[in-house]
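J.: Any chance you can model this:
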Amino acid sequence: MNTLEQFVANDLGTIVANQSMKIARLQKENLELRAQLAEYERKGKKVNKIEPTSHNTRN
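T.: So this is what the prediction gives:
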């Protein structure tokens with residue numbers, strides 16, 4: 001028998017876990033893209049750099 005508090009805590013735990021997985025995936029992707037950019041720059045290819053932005057996204 002779940003109380004409302006248990007339900008909310010479980011739901012929030014799931015949300016936090018999902019967001020943590022998304023953050024880890026994006027950090028990995030960012031690292032891969034930075035390595036790719038460094039490789040292009042090492043080879044002397046011109047790369048247009050875009051300033052990072054932050055976006056608020058929904059779950």
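J.: contacting residues for Ala9?
T.: Residues near Ala9 by Cβ atoms under 8 Å, 6 or more residues apart in numbering: none. The C-beta positions use only the backbone N, C-alpha and C, and glycine is treated the same way.
J.: for Asp11, same thing?
T.: Asp11 neighbours (Cβ under 8 Å, 6+ apart): none.
J.: Run through the chain and note the low-pLDDT ranges.
T.: Within the chain, the ranges that satisfy pLDDT under 70 run 1, 46-47, 49, 52-59.
J.: Where do the helices of it begin and end?
T.: Using DSSP state H, the helices of the chain run over residues 4-42.
J.: any idea how far Glu32 lies from Leu12?
T.: Distance of Glu32 to Leu12, given as Cβ to Cβ, to the nearest Å: 31 Å.
J.: try Ala38
T.: Going from Ala38 to Leu12 by Cβ to Cβ gives 39 Å.
J.: okay, now Leu37: neighbour count?
T.: Number of residues near Leu37 (other Cβ atoms under 10 Å) recorded here: 13.
J.: I'd like the distance between it and Asn48.
T.: 11 Å.
J.: before we move on, what about Gln19?
T.: 30 Å.
J.: Looking at the two, which is more packed in?
T.: Gln19 (12 against 4).
J.: Distance check, the more buried one against Ala38.
T.: Gln19 is 28 Å from Ala38, by Cβ to Cβ.
J.: How about Gln6?
T.: 48 Å.
J.: Equivalent analysis for Asn48, please.
T.: Counting by Cβ to Cβ, the gap from Asn48 to Ala38 is 15 Å.
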